[in-house]
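> Can you look at this prediction? I've put the sequence above it.
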Amino acid sequence: MNYSLSHVEARVLGALVEKEITTPEYYPLSLNALVNACNQKSNREPVMTLDEDAVRSAVRSLNDLGLTRYASTDGRVGKYEHRLNETFNFHRHEIALLCVLLLRGPQTPGELRTRAERMYAFEDLDSLHNALNLLAKREPSLVKVLPRQPGTKESRYTHLLSPAEDVVAEGNAKPDLPVAPRLDKVAEMEAEIAVLRGEIGALKQQFAQFRKQFE
């Protein structure tokens with residue numbers, strides 16, 4: 001079966017996989033926990049600002065595709081879990097790579113090795129390439145190598161659970177993608193620069209006072 005996941009569906013699926021591996025004590029995830037996992041600022045490219053309705057809608061679509069399901073728990077709060085292992089019978093190194101690609105888009109082998117380490121520690125790049133080849137040879141293929149960009153030494157790999165034209169490249173989001181506004185990031189950087197300038201000014205003043213002692 002060929003899949004055609006939206007950006008939101010890919011983020012939801014990747015977040016469920018990540019949390020199962022990295023924080024199994026809190027898995028399956030409630031809707032609130034899943035929203036937070038999708039919107040977290042670390043290990044995400046791009047950063048999204050999804051609301052509960054968007055995540056709930058994505059889960060319904062993923063349920064229909066057999067990639068997620070509602071988890072049966074004793075609690076009153078409904079929870080969700082992925083079904084990738086049941087669907088594809090993944091090895092752990094395969095699902096770790098696919099998870100990173102779902103959460104962060106196209107990446108080089110070196111980036112994948114570093115970023116997947118929380119879920120699976122590859123001994124070297126050869127072992128990582130072997131895992132990528134396994135994913136590429138599946139039916140249907142789940143990853144592919146992208147054409148090398150001008151001025152770059154390494155090729156990047158992308159997952160194929162989303163249509164090629166919907167793949168987010170270079171960490172940039174499509175205009176219709178619900179991401180954190182760029183203006184917020186600019187304002188945050190400007191504030192950090194202002195703080196650094198203030199600290200440098202204070203250090204200069206302290207140094208001038210220190211030097212006066214020896215004049």
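That came in fine, so what should we check first? All figures in this text were calculated on a predicted structure; none of them were measured in a lab.
> Does F88 touch R138 like I think?
Yes - counting by Cβ atoms under 8 Å, F88 touches R138, with 7.1 Å between them. C-beta coordinates here come from the backbone N, C-alpha and C atoms, glycine included.
> how about the closest residue in space to I21 that isn't next to it in sequence, what does it touch?
Computed as Cβ to Cβ, 6 or more residues apart in numbering, the closest residue to I21 that is not its neighbour in sequence is M119, at 4.5 Å. By Cβ atoms under 8 Å, 6 or more residues apart in numbering, the contact set of M119 is 18, 21-22, 92, 95-96, 99-100.
> how near is M119 to C38?
17 Å (Cβ to Cβ, to the nearest Å).
> Repeat that for P109.
With distances taken as Cβ to Cβ, P109 is found 26 Å from C38.
> same question, E81
Where C38 is concerned, E81 sits at a distance of 15 Å (Cβ to Cβ).
> Compare the two and say which one has the larger neighbour count.
Set side by side, E81 and C38 show more neighbours around C38, with 24 against 18, by other Cβ atoms under 10 Å.
> Which residues does whatever helix or strand the more buried one lives in contact?
Secondary structure from DSSP states H and E places C38 in helix 31-39. Contact with helix 31-39 is made by 8, 11-12, 15-16, 18-19, 26, 29, 47-52, 55-56, 59, 77-78, 80, as judged by Cβ under 8 Å, 6+ apart.
> which of the contacts of M119 are buried?
18, 21, 95-96, 99-100 (16 or more other Cβ atoms under 10 Å).
> what helix or strand is the residue nearest in space to the middle of the chain on?
Nearest to the mean C-alpha position of the chain, by Cα atoms, centre = their mean, lies L103 at 2.2 Å. Assigned by DSSP H and E, L103 belongs to helix 92-104.
> Convert that helix to PDB, retaining C-alpha atoms only.
Below are the C-alpha coordinates for helix 92-104, written out as PDB (Å, rounded to 0.1, in the frame of the first residue of the first chain):
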ATOM      1  CA  ARG A  92      14.400  -1.400  15.800                       C
ATOM      2  CA  HIS A  93      17.100   0.400  13.700                       C
ATOM      3  CA  GLU A  94      14.600   0.800  10.800                       C
ATOM      4  CA  ILE A  95      11.900   2.300  12.900                       C
ATOM      5  CA  ALA A  96      14.400   4.700  14.600                       C
ATOM      6  CA  LEU A  97      15.500   6.100  11.200                       C
ATOM      7  CA  LEU A  98      12.000   6.400   9.900                       C
ATOM      8  CA  CYS A  99      10.900   8.200  13.100                       C
ATOM      9  CA  VAL A 100      13.700  10.800  12.700                       C
ATOM     10  CA  LEU A 101      12.800  11.300   9.100                       C
ATOM     11  CA  LEU A 102       9.100  11.800  10.000                       C
ATOM     12  CA  LEU A 103      10.000  14.400  12.700                       C
ATOM     13  CA  ARG A 104      12.800  16.300  11.000                       C
END
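> What's the first helix or strand after it?
helix 109-115.
> Can you give me the buried ones in the helix or strand following that next one?
Moving toward the C-terminus from helix 109-115, the next helix or strand (DSSP H and E) is helix 125-136. For helix 125-136, the neighbour count (16+ other Cβ under 10 Å) marks 128, 131-132, 134-135 as buried.
> Just list what helix 125-136 packs against, helices and strands only.
helix 92-104, helix 109-115, strand 143-145 (3 or more Cβ pairs under 8 Å, 6 or more residues apart in numbering; DSSP states H and E).
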